[in-house]
Each structure stands twice: as C-alpha cells, then as structure tokens.
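A.B. asks: structure here, sequence nowhere to be found:
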C-alpha cells in the first residue's frame with residue numbers, strides 16, 4: 001500500500017488543508033482550507049472524482065492493521081471488491097465541518113451537510129444528510145434523506161427514512177455544489193500554475 005497521498009493533477013488541495021498518508025484523491029476534487037484527510041491510523045482513504053471536501057471537514061478512521069500488520073477487518077469497508085478505511089464516492093459533497101470517521105463509505109452523488117457526522121456506517125448513493133445529523137452503525141439506503149439534526153443509530157430507523165421525491169427541497173442541492181467546487185478546483189489550479197502538475201506529498 002502506498003502510504004503517501006496519490007492526488008490527481010486536476011484536483012486542488014488548499015495550502016491550509018492537510019492530506020496525509022494513504023489517501024487517493026480523484027479527478028477535479030476540491031479540498032478547502034482547514035480540511036483534514038488523514039490516512040495514517042486507518043488506511044486507505046479514497047475520495048472519488050468530482051467530490052469536494054469543504055472547510056473544516058475531517059476524514060479519518062480507526063486503526064486498520066494491528067501491531068503485527070494483520071488487517072483489522074471490522075474497521076474496513078468493502079467497495080467493488082476492494083477494502084478501505086473510508087470510501088467517498090464520485091460527486092460527493094462533504095460540507096463545512098462535516099466528519100466522516102471510518103469505517104465508513106459514502107455512495108455517489110450524496111450530500112453530507114454542515115457539521116454532519118458519519119461513523120461505522122455505509123451511506124448510499126443519491127442521499128442527502130441535512131446539517132447536524134448523526135449517523136452511527138447503520139446503512140442508509142440509496143435515495144433517502146435524513147432530516148436536520150436527526151440521530152440515526154438503529155437500522156430499522158435507517159430503513160424507514162423518507163425517500164427523496166421531486167418536491168424535496170434539497171433534491172438538486174448536491175448537483176449545484178459539485179458544479180461550483182469542480183470549477184473552483186480548476187480555477188485555483190490555473191491561478192497557482194499547477195494545473196498539469198501531479199502532487200504526491202502531504203499538504
């Protein structure tokens with residue numbers, strides 16, 4: 001396993017953000033000031049294409065190997081046949097001060113709201129976690145939303161979360177946030193003159 005960050009040249013990591021250890025950032029990823037993506041205790045951490053890690057976000061994980069370098073399977077999630085401490089899919093928004101602490105996975109096209117918290121959980125695709133929610137030890141099905149400030153730590157509650165419909169007020173929120181942040185990544189890269197340079201060290 002590569003224990004240095006693998007960052008696509010089209011991604012942008014702000015100088016005041018930290019990307020450390022076994023972390024991979026996909027195409028057009030934007031990592032904003034004071035964000036911390038730390039793949040040292042738990043590894044690897046993956047952030048997919050066109051995703052954004054906003055100001056003050058923390059992505060970290062529990063230990064994934066013991067002192068004898070044996071994998072701690074309970075602290076890993078499997079996605080497409082590969083194991084991760086944290087897996088963030090494509091076109092995911094981690095809004096200001098959100099925390100994703102592994103073992104955890106977030107599916108494609110999902111919005112994780114401001115100060116939301118995800119731990120020991122799998123969050124599906126096309127999900128909206130409204131600000132301040134707490135998701136612990138559950139699987140959130142695809143296409144659901146979690147209302148403002150709700151705590152979900154019981155699977156039966158998770159299974160009965162409301163379905164996102166056309167009249168849901170935040171249905172298209174993530175699409176707009178992704179559009180803005182991918183453009184910001186490209187713009188900051190142009191300004192810094194690093195649009196074609198690959199970064200392999202932590203920031």
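C.D. replies: Happy to help now that I have it. It should be emphasised that the depicted structure is a prediction, and the values quoted were computed from it without experimental measurement. Residues are numbered from 1 along each chain as shown.

A.B. asks: for the protein, just list every one of the helices.
C.D. replies: Here the chain has its helices, by DSSP state H, at 155-159, 173-192.

A.B. asks: out of those helices, nearest to residue 114?
C.D. replies: The closest of these to residue 114 is helix 173-192. By C-beta to C-beta, the value is 11.3 Å. (C-beta placed from N, C-alpha, C; glycine too.)

A.B. asks: quick revisit: quick one: closest of the helices of the chain to residue 39.
C.D. replies: Nearest of those to residue 39, taken as C-beta to C-beta: helix 173-192 at 19.9 Å.

A.B. asks: what residues does that closest one touch?
C.D. replies: 10-12, 14, 28-30, 50-52, 54, 91-93, 95, 109-111, 128, 195 (C-beta atoms under 8 Å, 6 or more residues apart in numbering).

A.B. asks: setting the sequence-adjacent residues aside, check what's closest to the spatially most central residue of the chain.
C.D. replies: The centre of the chain sits closest to residue 88, judged by C-alpha atoms, centre = their mean, with a distance of 4.0 Å. Nearest residue to residue 88 in three dimensions, chain neighbours excluded: residue 47, at 4.5 Å (C-beta to C-beta, 6 or more residues apart in numbering).

A.B. asks: cool, residue 16 as well?
C.D. replies: Excluding the flanking residues, the one nearest residue 16 by C-beta to C-beta, 6+ apart is residue 33, at 4.1 Å.

A.B. asks: looking at the chain, which residue lies furthest from center?
C.D. replies: Outermost residue of the chain (C-alpha atoms, centre = their mean): residue 68, 28.7 Å.

A.B. asks: check contacts around that one.
C.D. replies: Listed by C-beta under 8 Å, 6+ apart, the contact set of residue 68 is empty.

A.B. asks: any idea how far it lies from residue 142?
C.D. replies: Remark: distance between residue 68 and residue 142 (C-beta to C-beta, to the nearest Å) = 38 Å.

A.B. asks: now swap in residue 111 and tell me
C.D. replies: Distance, residue 111 to residue 142, using C-beta to C-beta: 13 Å.

A.B. asks: what backbone torsions are found at the residue nearest to residue 92 when sequence neighbours are not counted?
C.D. replies: Excluding the flanking residues, the one nearest residue 92 by C-beta to C-beta, 6+ apart is residue 51, at 4.3 Å. Residue 51 adopts backbone torsions of phi -90, psi 160, taken as degrees, to the nearest 10.

A.B. asks: tell me how many other residues crowd residue 51.
C.D. replies: Per other C-beta atoms under 10 Å, the neighbour tally for residue 51 reads 29.

A.B. asks: what of residue 52?
C.D. replies: So residue 52, with other C-beta under 10 Å, has 27 neighbours.

A.B. asks: ok, residue 149 - contacts?
C.D. replies: Neighbour list for residue 149: 130, 131, 132, 133 [criterion: C-beta under 8 Å, 6+ apart].
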